[in-house]
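# Sequence and computational prediction follow.
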Amino acid sequence: DTGVSQDPRHKITKRGQNVTFRCDPISEHNRLYWYRQTLGQGPEFLTYFQNEAQLEKSRLLSDRFSAERPKGSFSTLEIQRTEQGDSAMYLCATDGQSSGNTIYFGEGSWLTVV
Amino acid sequence: KQEVTQIPAALSVPEGENLVLNCSFTDSAIYNLQWFRQDPGKGLTSLLLIQSSQREQTSGRLNASLDKSSGRSTLYIAASQPGDSATYLCAVTGGNQFYFGTGTSLTVIP
C-alpha cells in the first residue's frame, strides 16, 4: 500500500461527457503530480502542485483538462467533453521532504471513452 | 527536452539468472534517477532512487548504477525469481517533473 489513493479506479464514459478523478496524497507530502499513461508507454507528465499552487502544466493538458488542489490536500483532475484519445490510465503521485525525494504513485484511474 | 530510452523493450530469462536492464537519457543535468516496477494494470512502485551525486544504490537483490556524464543507468537484478516478472521503468528528474522511459517488460520463467 503506497498510501496514495485514487478514485475511481475505473471509469467508462461516453464521448462528450465530463469525468473527474480524485487523488488523496500521503498526508505529509506537499508535492503532487498527475501523469497519463497509455498501453506500452511510460507515464507522461500532466501537471504539478506544490501545496495548493499549480506550478507547472504540460502542453498535453489541453483546455479541456483542469486540475485543482484546494487547501493543498486532495487533488482533482477533470476532463471535459471527453474524446476517445483521452482513454488512458491517469496516475497521481506525491513526494515531499519526508520521502527523501522518493515519489509514491497511486494505483491509477483507468478511463475508457466509448 | 529530456528523452529517456530503455533497452531492451522485453526480456525473458530462466529463473535464477542475473540480468541487467539499461536506461539512457539525453540531458545529463538531472536531479536524480529512479527505477520503478509496474505490474499489469497497476501503479508504479519505486525500487531505487539515486541522487545525481551518487554512483549507485543497492536494495536486496537489486543494484542500480548511475553515470551522469554518459547519460546511463543500469539496474542489475541478481538471482531472478518468477515474482520479479513485471515492467521496469526508469525516470529522471529535471525541474518539477519526471521523464520516463517506455520500460522493459521482464518475464522470469520458472
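Arrived safely.
# Tell me the residues of chain A that contact chain B?
Applying C-beta under 8 Å from any C-beta of the partner chain, we find that chain A lies next to chain B at A:2, A:4, A:6, A:33, A:35, A:40-45, A:48, A:50, A:55-56, A:58, A:91, A:93, A:100-108, A:110. (C-beta placed from N, C-alpha, C; glycine too.)
# What is the end-to-end distance of stretch A:27-34?
End-to-end distance of stretch A:27-34 (C-alpha to C-alpha, to the nearest Å): 17 Å.
# buried sites along that stretch?
Neighbour counts over stretch A:27-34 (16 or more other C-beta atoms under 10 Å in any protein chain shown) mark A:29, A:31, A:32, A:33, A:34 as buried.
# Out of these, which one has the lowest pLDDT?
Across the buried residues of stretch A:27-34, the bottom pLDDT score, 89, is held by residue A:29.
# Contacts for the helix or strand harbouring residue B:87, please.
Taking DSSP states H and E as the criterion, residue B:87 maps to strand B:86-94. With contacts defined as C-beta atoms under 8 Å, 6 or more residues apart in numbering or on different chains, strand B:86-94 is touched by A:42-43, A:101, B:2, B:4, B:6, B:21, B:23, B:25, B:27, B:29-40, B:44, B:47, B:73, B:75, B:98-106.
# Wait, a strand at residue A:56?
Yes - Residue A:56: assigned to a strand according to DSSP: H, G, I helix; E, B strand; the rest coil.
# isn't it right next to residue A:50, touching?
No - taking contacts as C-beta atoms under 8 Å, residue A:56 lies outside contact range of residue A:50: 9.2 Å.
# List the residues that are in contact with both of those two.
The contact lists of residue A:56 and residue A:50 share residue B:96, where a contact means C-beta under 8 Å, 6+ apart.
# Could I get the pLDDT score of residue A:2?
52.
# For residue B:84, give me phi and psi.
Here is the backbone geometry of residue B:84 (degrees, to the nearest 10): phi -80, psi -10.
# cool, and residue A:70?
Residue torsions, per degrees, to the nearest 10, at residue A:70 are phi -60, psi 140.
# Read off the pLDDT value for it.
Residue A:70 is given a pLDDT of 91.
# SS state for the closest residue to chain B within chain A?
When scored by C-beta to the nearest C-beta, chain A has residue A:42 as its residue closest to chain B, at 3.2 Å. Put simply, residue A:42 is coil when judged by three-state DSSP.
# For burial, what's the neighbour tally of it?
If you count neighbours by other C-beta atoms under 10 Å in any protein chain shown, residue A:42 ends up with 22.
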